[in-house]
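[1] structure for the following, please:
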Amino acid sequence: MVNLTNLLNPKTLDDFIGQSHIIGKDKPLYKLLEKKEIPHLFFYGKPGTGKTTLAKIIAKHINTDFYHFNATTLKVDDLRVVFKRYENTLIKPLIFIDEVHRLSKNQQEVLLPVMEDYNVIIIGASTENPYHTLTSAIRSRSFLFKFLPHSKQDLTILLNKALKLLSDVLIDEDAKEYLLVSSIGDARAMLNLLDFAYKVDTNISPETLKNLRQTSLKDGMSSKDSHYDLASAMIKSIRGSDIDAALYYLARLIDGGENIDFITRRLVISASEDIGNANPNALNLAVSTQISSKQIGYPEARIILAQCVVYLASSPKSNSSYLAINHALQDIQNGKILSIPQNIRDHAVGYKYPHDYNGWCPQQYITENLKYYNTHQIGFEKTLFEWINKIKLVRE
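    Presented below is the predicted three-dimensional model:
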């Protein structure tokens with residue numbers, strides 16, 4: 001029997017199920033597609049939400065050549081061959097790149113000229129957030145859309161279509177419910193389970209389904225919680241010093257098989273943004289966690305991750321450094337560009353070497369009085385505050 005997923009793949013925009021926030025008839029992207037004005041696009045979201053399917057529909061809709069690449073095996077020369085093939089033609093091919101988050105910097109740079117000249121249409125798909133994985137140059141030349149897990153209503157429509165194809169199937173409401181709920185918004189996974197359960201027995205029971213899929217699909221997401229939401233909840237719980245809540249969200253991420261890099265990157269940021277110099281060792285531990293957990297991998301990495309989360313949640317919190325750099329950057333972006341005093345330039349004139357003055361001496365470091373850093377004097381920050389005041393007071 002032909003695979004159900006292939007049989008039910010929509011061929012037109014009207015047949016496409018879900019993602020109405022992107023491709024609804026009242027949405028700008030749908031209107032652009034109607035006019036066959038296709039920008040460079042990057043789709044991201046959980047598997048089975050229609051990213052590849054929509055790219056194929058777009059290619060068919062504008063009647064152009066379609067090239068499907070996967071970033072895990074993509075070679076720059078493969079791209080250049082396609083680019084050259086269409087150099088002097090009126091055809092604008094659609095190049096679809098799956099797993100686009102795995103593109104190297106070199107591969108991304110190869111895309112820039114053709115994206116700029118609009119000689120080809122680039123559409124990428126990823127389960128990772130492209131705001132973290134694609135360069136700003138790529139993002140500035142394209143539009144990014146987040147695909148949401150299919151709603152239960154979406155999956156029900158698709159399931160009913162599938163059951164019409166399987167004319168001799170017998171399935172009760174409990175089995176249907178398990179198909180819908182256990183697939184966690186993944187249309188491909190639902191059809192795959194139905195397909196193989198049907199091959200086992202045309203009388204599909206909940207027991208057969210549960211034997212094939214013993215637990216619901218778990219990847220850190222559900223119809224209400226994406227892995228970004230879970231990571232956000234974990235970090236906010238750490239910031240709020242709620243150890244148990246932080247551990248719960250960490251466990252949800254681990255149980256879903258979340259990428260270790262995804263978790264540890266956020267722990268490192270939190271250690272600096274939320275704890276900072278109130279406990280400088282937090283950053284050291286977070287970086288050590290990032291390195292060691294990646295080397296060790298699951299399941300043992302869960303222990304290292306948990307230790308780090310407990311430590312961060314238990315630490316005193318201060319965002320003094322975070323606020324200070326934001327303030328300084330805001331001033332610079334608003335045009336405050338001050339000249340560097342002569343005494344601290346590369347070829348300094350009149351520079352006083354602080355070590356010759358027991359660690360500190362008064363001299364000009366900036367041409368205008370600035371105040372960016374305001375210590376909260378929490379934890380080790382208080383020690384640093386006392387020390388900086390002490391050394392200045394002694395010398396004065």
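[2] contacting residues for the residue nearest to the spatial centre of the chain?
    Nearest to the mean C-alpha position of the chain, by Cα atoms, centre = their mean, lies Asn129 at 2.5 Å. Taking Cβ atoms under 8 Å, 6 or more residues apart in numbering as the criterion, Asn129 is in contact with Tyr44, Tyr228. Just so you know, the C-beta spots here come from the backbone N, C-alpha and C atoms, and that holds for glycine as well.
[3] pull up the gap between it and Arg266, please.
    In this view, Asn129 and Arg266 are 12 Å apart by Cβ to Cβ, to the nearest Å.
[4] same deal with Asn284?
    Distance from Asn284 to Arg266, by Cβ to Cβ: 17 Å.
[5] in stretch 235-250, what's buried?
    Within stretch 235-250, the residues scored as buried using 16 or more other Cβ atoms under 10 Å are Ile235, Ser237, Ile238, Arg239, Ile243, Ala245, Ala246, Leu247, Tyr249, Leu250.
[6] which residues of the stretch 51-200 of the chain score low on pLDDT?
    Counting by pLDDT under 70, the stretch 51-200 of the chain shows no low-confidence range.
[7] how about the helices in it?
    Here the stretch 51-200 of the chain has its helices, by DSSP state H, counting those that start in this stretch, at 51-61, 76-85, 105-117, 130-133, 136-140, 152-165, 173-182, 187-200.
[8] tell me what the last one is packed against?
    Packed against helix 187-200, as judged by 3 or more Cβ pairs under 8 Å, 6 or more residues apart in numbering; DSSP states H and E, are the following elements: helix 4-7, helix 152-165, helix 173-182, strand 203-204, helix 206-212.
[9] would JSON lines of these with mean neighbour count be doable?
    Listed next are these as JSON lines, based on neighbours: other Cβ atoms under 10 Å:
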{"stretch": "helix 4-7", "mean neighbour count": "16"}
{"stretch": "helix 152-165", "mean neighbour count": "17"}
{"stretch": "helix 173-182", "mean neighbour count": "17"}
{"stretch": "strand 203-204", "mean neighbour count": "18"}
{"stretch": "helix 206-212", "mean neighbour count": "15"}
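[10] among these, which comes closest to Pro28?
    Proximity to Pro28 (Cβ to Cβ) singles out helix 152-165 among the helices and strands packed on helix 187-200, at 21.4 Å.
[11] and the angle for that closest one with helix 173-182?
    Here the directions of helix 152-165 and helix 173-182 differ by 130 degrees (axes from the mean of the first three to the mean of the last three Cα atoms, to 10 degrees).
[12] what angle separates helix 152-165 from helix 187-200?
    30 degrees.
[13] which helices and strands does helix 152-165 pack with?
    helix 4-7, helix 173-182, helix 187-200.
[14] if we can go back for a sec, Tyr357: which of the helices of the stretch 51-200 of the chain is closest?
    If we rank the helices of the stretch 51-200 of the chain by Cβ to Cβ, the stretch that ends up nearest is helix 136-140, at 43.8 Å.
[15] in that closest one, what counts as buried?
    Ile138.
[16] what's that helix packed up against?
    Looks like helix 136-140 contacts helix 105-117, helix 130-133 (3+ Cβ pairs under 8 Å, 6+ apart).
[17] show me the contact partners of that helix.
    Phe42, Gln108, Glu109, Leu111, Leu112, Met115, Pro130, Tyr131.
[18] which strands and helices sit next to the helix or strand containing the first one?
    Per DSSP states H and E, Phe42 falls inside strand 41-45. With contacts defined as 3+ Cβ pairs under 8 Å, 6+ apart, the secondary structure elements packing on strand 41-45 are helix 51-61, strand 121-126, strand 143-147.
[19] now render the ones you listed as CSV, adding distance to Ala313 and mean neighbour count.
    Listed next are those as CSV, based on distance: least, Cβ to Cβ, whole Å; neighbours: other Cβ atoms under 10 Å:
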stretch, distance to Ala313, mean neighbour count
helix 51-61, 35, 21
strand 121-126, 30, 25
strand 143-147, 29, 18
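[20] Asn319: which of those is closest?
    Nearest of these (Cβ to Cβ): strand 143-147, 27.7 Å.
[21] can I get the CA coordinates of the closest one in CSV?
    Extracted C-alpha coordinates of strand 143-147, given in CSV (Å, rounded to 0.1, in the frame of the first residue of the first chain):
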residue,chain,number,x,y,z
PHE,A,143,11.0,36.6,5.9
LEU,A,144,10.8,34.2,8.8
PHE,A,145,7.7,32.3,9.8
LYS,A,146,7.1,30.1,12.8
PHE,A,147,5.0,27.0,12.1
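[22] that one pairs with which strands?
    Strand pairing for strand 143-147, using DSSP bridges, gives strand 41-45 (parallel).
[23] what comes up buried for stretch 284-299?
    Neighbour-count burial for stretch 284-299 [16+ other Cβ under 10 Å]: Leu285, Ala286, Val287, Thr289, Gln290, Ser293.
[24] go on, stretch 341-360?
    Pro341, Trp360.
[25] kindly report the same for stretch 256-267.
    Buried, per 16+ other Cβ under 10 Å, within stretch 256-267: Gly256, Glu258, Ile260, Phe262, Ile263, Thr264, Arg266, Leu267.
[26] kindly report the same for stretch 318-328.
    Quick answer for stretch 318-328 (16+ other Cβ under 10 Å): Ser318, Asn319, Ser320, Ser321, Leu323, Ala324.
[27] same question for it, mean pLDDT?
    Stretch 318-328 comes out with an average pLDDT of 95.
[28] roughly how far out does that stretch sit from the chain middle?
    With Cα atoms, centre = their mean, to the nearest Å as the basis, stretch 318-328 stands 24 Å off its chain's centre.
[29] who's in contact with it?
    Contacts of stretch 318-328 (Cβ under 8 Å, 6+ apart): 272-278, 370, 372-376, 378-379, 381.
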